Structure formats: C-alpha cells, structure tokens
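S.K.: have a look; sequence and predicted model below, questions after that.
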Amino acid sequence: MNRISTKVSFLAVCLVVINTSFAQLSVTAQAGGLKFLGDVGKKGNANFFSDMRLGYNFGVEYRIGKVLGVGIDGMYGKLAGTDNDKTSHLNFQSTVMGGAVNVFGFFDKLKDKEKEVAPYLHAGFGYLMFDPYGDLRDKNTTLYNYWTDGSIRNLLESAANEPLSTIIKRDYTYETQLKDTVANYARNTFYIPVGAGAKFKMGFRTSLRVGVAYNICLSDYIDNQKVGGNDSWASASVGINVHFGKKPKDAYSNVDFKAVDNSDTDGDGVKDLDDKCLGTPKGVKVDGKGCPEDKDDDGVFDYMDKELTSKKGAKVDGNGVTINEEELAKRQLAWDSLAVERSEGFNAAPSLTYLKEVETKAKENQNKTGKTSSIPAEFVEADYNKDGIISATEITKTIDGFFEGENSFNVEKINKLIDFFFEQ
C-alpha cells in the first residue's frame, strides 16, 4: 500500500510541474524496431534483424532553457531471440512494458534562429516488466525435437525412432512460459537508456524525430538464460513531437508595421516611404513627392532661397544666391591654401584647442574682409546657434550627436563638415 501511495504522490508532483510549466511542454509518439542483445540469439542467426520486434513509445518532455530538457516516457513492445545451430535451439519472446525518466540535450536553439535540423542526446533511468515465453510445441502441442540433420521431429533423435518419426514445423507461437529450474527470478528490472537522434522541424509546432538508443538491463533473465553479463537491447525509432507552448516572439513581434507604413515624420502630408525630401519644416508647401517648391530650379528650395530669380544654369551658394565665378576662384585658392595649412596642423596635433584657434582666426579674417562663407544646406543642422558659422564646439556637438543617433550625420558627412570648417 505504501508503494502505491508513493507512486501516486510522484505522479501528482509530475502533473503539477507539467501544469505550471505548460509553455515548455511537448509530447512525442514514436514507433520502431527492438533488437534483443543477450544470451539467446547469438548462435547461428543468418540475419541479424530476424529477431527484431516492434516497439512503441510515448513521452512527455519539459524544456529547460536552450539546451537542457527532462522527460518521462512509457514504452511497450516485444523482445525475441532464436538460436539456430547444432548446439543450441533455444528461443524466446517476451512482451516488455515500462517507463523511464530521461535528461535531454537539445542543440536546435544555440543561435538566435531555431535550426531546421538539429541533433539531440538523452540518457535516463527506467523500470521494465518482462515475461519470457518459448515456442516449444506446434499447434498440436507436439514437443519440438531438433535432429542433427537440421529437421524438427515429433520424436527424440535415435536410430529406432527414425522410421517412426514425423517431420514437423515451428508455428512461431510462443505458448510456454519459461522458468529457471534453479532460481525463481523477478520478472521486472531497472534499465538505463542512452541514445541520440535528430530533430527535423516541420512547422505547425511539429517536428519529426529519428533516433537510436542502447538500453542496458540490470537483469540477465530477459531471455530466461543466465549465462554471461546482463541483457540489453537496441532500438531505432521514428516519430512525431508536438509542442504545446506559446509561439516564441520574433524580433519584430512588437513592431507596428502598419504605423511604419503610414508614418509622416515631417508632417507634410506625404508618407515617409514616398517622401523624397524628408525633414521639410512645418508649414512649407510640398508637391506629391514631399519636396518644397524651387521656382528658379537652382537646387535651393524657395523657403531657403535668398535669391528667388537666379538665372537658369547659374552657380549658387547654399542660400541660392548667384556666385561670381571669378571671385569664387580667388576665394577658392585662398581657402584651399588656408584649409590645407589648417588641416595639416590639425592632423599633426588634433585637439579641441587647435580647432578653437582656427575658429578665432576665421572670425578675425571675416571681420577684416566683412565676408562670410555660406553654410551649405547639408551642414545647416550643425549650426546649433544659427549664427551662420560652424564653430569647434558645434563640430564636437555634431560628433556626439552622431554617436547618440540624434542627427542625420554619418562618418563621410562629418569629414566634409570638418573640411568646410577649415575652409570657412
């Protein structure tokens, strides 16, 4: 009674664990072949697989983390063995039924994405019930007598019985319970299963399992013969595993793709996906592509253009003002010379102090000439104080904003900004 109570308690604990962790639960149903490896069946079998019998397995698994898992399974099947040589004609077949607790090692989730095909390992400890029977008589209950000529007859082999005997055939009906004449052995035992297999992902929370296992019994009486070491059996099976947990979230499960498709960050009435001019200031009219008007077609939008009637083909600065090419060439030579000098000085000793010195000299030069360089439209974002000059502090702030993802600058654009700083 105490043993029954203990088993019921253990089952109750298992059910509680399964119920509270349903999200990691799966079940497996498998079928395959069982090959007995013991004392009977070693002698004279022409085909190694002739004694293989069917076996069935049903298991419940609980996944712990990415690799480890535990499971409880039950098995049912038959084990059999037959000797076919002159020295031994033993045979047996036993129905076996039992169950085991297993520890699994899965290798399908070692990376972010679950593998379509992945191996797994398992080992455990189980309990097995068996009851060996022998095929000793034919359907007429006549005892088999094996003669040295290879025949089976109804009489013992002797010269006198040869003309009187009749040849009979095995009917492969295991009708006689086998017993040991010396020991009344227990018809149950523990066993240790060790196995490996592969898992093939099929979708719909289902995977195909193909596996092999070696099962070590702690008894040598599965075949009713105690000769050498303990008996064992090998198994090969194929089956289906079904997972009942919640479907795992992917990296984009929380993304509202509909909102992304309809987003309009600059509020100009044109979706970002169709907007060719992102970042248009509020209140500025745009066309169907999200771009503001540019009446003189000089590449500077009207809301930024300080010269709305530039001649077609004229070169303009960042403010849309026509540039005097001769004057531009002179200034460009001076700027290039000064920019090279400043850039080389910065490369030799890069520091914020040096940039400050360049900034001061640039302002002094602008004060003397009364001319300032226009900030190109692509760099206007870096002019935080809106004074028309890119300062060393603003370059530093722009670089910090790049690393924080707070502006539209990239590495190439920052390099151009620094070049412009030396040129202004």
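M.R.: On my side now, so go ahead. Numbers count the residues shown, from 1 in each chain.
S.K.: only C-alpha atoms from now on, for both contacts and neighbour counts.
M.R.: Noted.
S.K.: how near is the residue nearest in space to the middle of the chain to residue 106?
M.R.: Of all residues in the chain, the one closest to the mean position by Cα atoms, centre = their mean is residue 114, 1.8 Å from it. Per Cα to Cα, to the nearest Å, residue 114 is found 11 Å from residue 106.
S.K.: mind checking the SS state of residue 417?
M.R.: When classified by DSSP: H, G, I helix; E, B strand; the rest coil, residue 417 comes out as helix.
S.K.: which residues does it contact?
M.R.: 379, 395 (Cα atoms under 8 Å, 6 or more residues apart in numbering).
S.K.: related to what we said a few turns ago, can you get me a residue count around the residue lying closest to the residue nearest to the centre of the chain once chain neighbours are set aside?
M.R.: Once flanking residues are discounted, residue 114 sits nearest to residue 108: 5.6 Å by Cα to Cα, 6 or more residues apart in numbering. Close neighbours of residue 108, defined as other Cα atoms under 10 Å, add up to 21.
S.K.: so who does residue 108 touch?
M.R.: Counting by Cα under 8 Å, 6+ apart, residue 108 has contacts 66-67, 114-119.
S.K.: isn't there a strand covering it?
M.R.: No: using three-state DSSP, the assignment for residue 108 is coil, not a strand.
S.K.: look up phi and psi at it.
M.R.: With angles defined as degrees, to the nearest 10, residue 108 sits at phi -100, psi -10.
S.K.: distance of it relative to residue 190?
M.R.: Applying Cα to Cα, the value for residue 108 to residue 190 is 31 Å.
S.K.: how about the helices in the stretch 151-300 of the chain?
M.R.: Per DSSP state H, counting those that start in this stretch, the stretch 151-300 of the chain carries helices over the ranges 257-261.
S.K.: no wait, the stretch 1-150 of the chain
M.R.: Ranges of helices within the stretch 1-150 of the chain are 2-20, based on DSSP H, counting those that start in this stretch.
S.K.: shaky segments in it?
M.R.: 1-23, 45-46 (pLDDT under 70).
S.K.: quick one, domains of this protein?
M.R.: Domains of the chain are assigned by automatic domain parsing as 10-130+188-243, 324-424.
S.K.: distance to residue 158 for those domains - can I get that in JSON lines?
M.R.: Formatted as JSON lines, the domains of the chain follow (distance: least, Cα to Cα, whole Å):
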{"stretch": "domain 10-130+188-243", "distance to residue 158": "16"}
{"stretch": "domain 324-424", "distance to residue 158": "101"}
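S.K.: so of these, which one's packed in deepest?
M.R.: domain 10-130+188-243 (a mean of 18; mean count of other Cα atoms under 10 Å).
S.K.: distance between it and the chain's centre?
M.R.: Centroid separation for domain 10-130+188-243 versus its chain: 25 Å, with Cα atoms, centre = their mean, to the nearest Å.
S.K.: what does stretch 147-164 give?
M.R.: Worked out by Cα atoms, centre = their mean, stretch 147-164 lies 66 Å from the chain centre.
S.K.: that stretch: end-to-end distance?
M.R.: End-to-end distance (Cα to Cα), stretch 147-164: 14 Å.
S.K.: not counting it itself, show me its contacts.
M.R.: Applying Cα under 8 Å, 6+ apart, the external contacts of stretch 147-164 come out as 86, 142-146, 165-170.
S.K.: dump these into CSV; add distance to residue 40 as well.
M.R.: Output for the contacts of stretch 147-164, formatted as CSV (distance: Cα to Cα, whole Å):
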residue, distance to residue 40
86, 14
142, 22
143, 19
144, 17
145, 18
146, 16
165, 28
166, 27
167, 24
168, 23
169, 20
170, 17
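S.K.: mind giving me the ChimeraX command for buried ones among the residues you listed?
M.R.: In ChimeraX syntax, the buried subset of the contacts of stretch 147-164 is picked out as below (16 or more other Cα atoms under 10 Å):
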select :143,144,145,146,165,168
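S.K.: just checking, residue 414 touches residue 401?
M.R.: No: counting by Cα atoms under 8 Å, residue 414 sits too far from residue 401 to count as a contact (10.9 Å).
S.K.: doesn't residue 100 make contact with residue 189?
M.R.: No: the pair formed by residue 189 and residue 100 falls short of the contact definition of Cα under 8 Å, at 11.9 Å.
S.K.: anything in contact with each of the two?
M.R.: By Cα under 8 Å, 6+ apart, the residues touching both residue 189 and residue 100 are residue 127.
S.K.: show me where the chain has strands.
M.R.: 25-37, 53-64, 68-82, 91-106, 117-129, 132-134, 145-146, 152-153, 176-177, 188-203, 206-217, 232-243 (DSSP state E).
S.K.: what about those, which gets the closest to residue 408?
M.R.: Closest to residue 408 of these, according to Cα to Cα: strand 188-203, at 42.0 Å.
S.K.: so which elements touch the closest one?
M.R.: Under the contact criterion of 3 or more Cα pairs under 8 Å, 6 or more residues apart in numbering; DSSP states H and E, strand 188-203 touches strand 117-129, strand 206-217.
S.K.: which one of those lies closest to residue 423?
M.R.: Short answer: strand 117-129, nearest of the helices and strands packed on strand 188-203 by Cα to Cα, at 60.2 Å.
S.K.: next, the angle strand 68-82 makes with the closest one.
M.R.: 60 degrees (axes from the mean of the first three to the mean of the last three Cα atoms, to 10 degrees).
S.K.: mind listing what strand 117-129 pairs with, with the direction of each?
M.R.: strand 91-106 (antiparallel), strand 188-203 (antiparallel) (DSSP bridges).
S.K.: tell me where the model's unsure across the stretch 201-350 of the chain.
M.R.: For the stretch 201-350 of the chain, the ranges with pLDDT under 70 are 245-255, 257, 324-350.
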